[in-house]
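Q: Pasting the sequence and the predicted model now:
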Amino acid sequence: MIGSYGYVIAALLMLLQVGLGLNFMAVTPLFPIVMEELKIDRATVSLLFSVVPIAQALFTVPAGMIATRFGVARTLAVGAVAMSAGLLSLFIPSFEGLLVSRVIFGLGTGLLVPLLSSVVVQWFRGGALPVMNGLGLVFGSIGVSSAFFITVPLSELLGWRGVLAAYGGYAGVMAIAWILLGREGRAHQHSQEAGQPVGVLDVLRRPTTYWLALAFSGPIAYYDVLVAWLPTYYNQVFAMDLAQAAAITGLLGLTGIPGSLSGSLLSARVGLRRPFLMVPGACMGLVGLGTFLVDATWVNVSAILLVGLLLWAYPPVLFTIPMELPGLSPPVVAVVGGMILTLAGVAAFFAPLVAGFLTDTTGSYLPGFLLFTVCSLSLLVAALKLPETGPRGRREAAPAADPGAGQG
């Protein structure tokens with residue numbers, strides 16, 4: 001860590017990610033309530049969720065370029081302010097207005113999310129990188145889990161629009177905290193140590209960038225289908241109480257705490273990255289079948305816990321890889337992360353829509369669930385193509401790259 005102020009920066013980043021997870025997932029437990037009140041179908045209501053990643057995709061790549069001109073801290077602050085758009089829910093009663101507020105939120109996350117990596121690179125080094133990425137996901141999962149566990153009960157007190165506004169208010173408070181306390185760190189020395197710096201256009205031409213994007217896209221589409229439709233599926237098909245269905249689905253977020261921590265800490269200790277992508281990529285789809293094929297609560301809960309661990313274990317490792325690629329400055333790291341999030345955002349936009357459309361067309365949720373279960377295998381396919389950037393992998397590769405090293 002660079003200086004004691006890094007603890008303040010770390011705390012701000014963690015709390016921002018609580019707000020991100022809370023606001024992102026807030027609408028899915030409310031789908032049945034919103035459908036009934038606004039008289040809309042599944043495909044339409046799923047736009048409230050799906051529009052966020054597609055709006056996010058508009059800014060995830062440009063975020064690094066904008067930060068190069070205006071600074072990482074300032075650009076992140078703009079994104080944090082936009083994330084408070086849920087406050088508009090109290091003043092815009094129509095579905096279209098609600099959709100606009102979700103678009104604004106998505107645009108804000110498009111600026112904020114890739115720049116979180118830039119801030120981490122500015123303030124932390126070495127083994128702290130996967131650990132910080134893991135902690136970020138832990139706090140994000142706290143926000144996601146909170147959305148599933150408390151949104152329905154809170155909606156009975158505040159109304160569903162009041163809940164969305166309250167979550168937006170939390171994001172607004174954190175935006176003010178970042179504006180007052182957030183600051184730039186000393187740029188990471190990685191690019192200087194690695195030699196020739198890599199530019200934005202160069203990194204966008206690299207196959208590694210797109211393998212990283214593919215690795216994230218399949219599982220995130222799979223995850224979004226599960227979190228978007230399992231509460232409604234359990235409620236309508238397995239006849240669960242809606243609050244119980246949302247709470248069980250919320251375990252997917254809760255597992256982010258042990259999942260992210262275990263993935264990041266084990267990867268930091270072992271010094272390798274690819275094995276921590278391959279194992280989840282091979283296993284998550286198979287384990288996930290138990291979330292929807294069996295009408296037994298104990299099976300559903302067990303499967304959700306296991307698939308959640310796998311779904312959360314790999315992202316802190318995946319997003320560490322761009323930080324360890326040679327020659328990348330903090331804004332360029334954000335560009336790589338932005339490309340990952342852009343392609344994943346497109347996948348996440350279409351996934352719940354496609355699943356909802358298939359359900360409306362066939363009368364069954366299973367075609368959509370099975371389709372995106374197969375898509376989760378993209379993590380395994382991409383992991384086989386990615387380079388090993390961990391310190392142990394670099395040490396083992398060094399003798400092969402320089403067979404004459406150490407000879408006098």
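A: Looks like it arrived, so ask away. Numbering: from 1, shown residues only.
Q: Please look at Ile220 and Phe349 and confirm they touch.
A: No - no contact is recorded between Ile220 and Phe349 when judged using CB atoms under 8 Å, the distance being 10.6 Å. Yep, even glycine has a C-beta here, placed from its N, CA and C like the rest.
Q: Let me know whether Leu129 touches Ser117 as I believe.
A: No - here Leu129 lies out of contact with Ser117, judged by CB under 8 Å, at a distance of 9.3 Å.
Q: which residues do the two both contact?
A: Met323 (CB atoms under 8 Å, 6 or more residues apart in numbering).
Q: Among these two, which residue is more densely surrounded?
A: More crowded of Leu129 and Ser117, by other CB atoms under 10 Å: Ser117, with 27 against 24.
Q: and the closest residue to the more buried one other than its chain neighbours, what does it touch?
A: Distance criterion CB to CB, 6 or more residues apart in numbering; nearest residue to Ser117, sequence neighbours excluded, is Gly337 at 4.7 Å. With contact set as CB under 8 Å, 6+ apart, Gly337 has these partners: 60, 64, 113-114, 117, 319, 322.
Q: Scan the residues you listed and report the most crowded one.
A: Going by other CB under 10 Å, Pro114 tops the contacts of Gly337 with 33 neighbours.
Q: Can you pull out the low-pLDDT segments for the stretch 201-350 of the chain?
A: Along the stretch 201-350 of the chain, segments meeting pLDDT under 70 span 201-204, 327-331.
Q: And the helices in it, which stretches?
A: 207-236, 242-254, 256-270, 275-288, 297-313, 315-318, 321-324, 330-362 (DSSP state H, counting those that start in this stretch).
Q: Among these, show me which one is buried the most.
A: helix 315-318 (a mean of 27; mean count of other CB atoms under 10 Å).
Q: Identify all contacting residues around that one.
A: If you take CB under 8 Å, 6+ apart as the criterion, helix 315-318 is touched by 130-131, 133-134, 136-137, 212, 215-216, 260, 263-264, 267, 273, 276-277, 340.
Q: In the stretch 1-150 of the chain, mark out all the helices, start to finish.
A: Along the stretch 1-150 of the chain, the stretches classed as helices by DSSP H, counting those that start in this stretch are 6-25, 31-38, 42-45, 47-70, 72-82, 95-123, 128-158.
Q: Of the ones you listed, which is nearest Phe372?
A: helix 47-70 (13.1 Å; CB to CB).
Q: Just want the angle from that closest one to helix 6-25.
A: Interaxial angle, helix 47-70 versus helix 6-25 (axes from the mean of the first three to the mean of the last three CA atoms, to 10 degrees): 150 degrees.
Q: for helix 47-70, which positions count as buried?
A: Judged by neighbour count using 16 or more other CB atoms under 10 Å, the buried positions of helix 47-70 are 47-68.
Q: Over to stretch 73-80?
A: 73, 75-80.
Q: contact partners of that stretch?
A: 16, 59, 63, 66-67, 107-113, 115-116, 119, 171, 174-175, 178-179, 182-184.
Q: Output it as CSV, nothing but the C-alphas.
A: The C-alpha trace of stretch 73-80 is given here as CSV (Å, rounded to 0.1, in the frame of the first residue of the first chain):
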residue,chain,number,x,y,z
ALA,A,73,-10.7,10.8,-9.3
ARG,A,74,-12.8,13.5,-11.1
THR,A,75,-14.2,11.1,-13.7
LEU,A,76,-15.0,8.6,-11.0
ALA,A,77,-16.9,11.3,-9.0
VAL,A,78,-19.2,12.0,-12.0
GLY,A,79,-20.0,8.3,-12.3
ALA,A,80,-20.7,8.1,-8.5
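Q: next one: that stretch to chain centre, how far?
A: How far stretch 73-80 lies from its chain's middle: 18 Å, per CA atoms, centre = their mean, to the nearest Å.
Q: Averaged pLDDT, that stretch. What do you get?
A: Over the span of stretch 73-80, the pLDDT mean works out to 90.
Q: what do you get for stretch 12-26?
A: For stretch 12-26, the mean per-residue pLDDT is 91.
Q: Ok, stretch 388-405 next?
A: Averaged over stretch 388-405, pLDDT sits at 59.
Q: buried sites along stretch 115-130?
A: The neighbour-count check on stretch 115-130 (16+ other CB under 10 Å) flags 115-124, 127-130 as buried.
Q: same thing with stretch 152-169?
A: Residues of stretch 152-169 classed as buried by neighbour count (16+ other CB under 10 Å): 152, 154-155, 160-161, 163-168.
Q: Counting only helices, which of those residues make the cut?
A: 152, 154-155, 160-161, 163-168 (DSSP state H).
Q: Mind putting those into TSV with pLDDT and distance to Ala344?
A: Shown next, in TSV, are those (pLDDT from 0 to 100; distance: CB to CB, whole Å):
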residue	pLDDT	distance to Ala344
Val152	85	28
Leu154	89	29
Ser155	86	29
Trp160	82	28
Arg161	86	29
Val163	90	27
Leu164	91	24
Ala165	91	28
Ala166	93	28
Tyr167	94	23
Gly168	92	24
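Q: Between its first and last residues, how far does stretch 21-38 reach?
A: 25 Å (CA to CA, to the nearest Å).
Q: distance between it and the chain's centre?
A: The answer for stretch 21-38 is 19 Å, by CA atoms, centre = their mean.
Q: what's the answer for stretch 216-231, then?
A: Computed by CA atoms, centre = their mean, the chain-centroid distance of stretch 216-231 equals 11 Å.
Q: Closest one to Leu286 out of the buried residues of stretch 73-80, please.
A: Checking the buried residues of stretch 73-80 against Leu286 by CB to CB gives Gly79 as the nearest, at 36.6 Å.
Q: Distance check, that closest one against Ser141.
A: To Ser141, Gly79 is 20 Å away according to CB to CB, to the nearest Å.
Q: can you check Ile176 too?
A: Using CB to CB, we find Ile176 at a distance of 24 Å from Ser141.
Q: more neighbours, the two?
A: Comparing Ile176 with Ser141 by other CB under 10 Å, the one with more neighbours is Ser141, at 27 against 13.
Q: Thanks again, I'm all set now.
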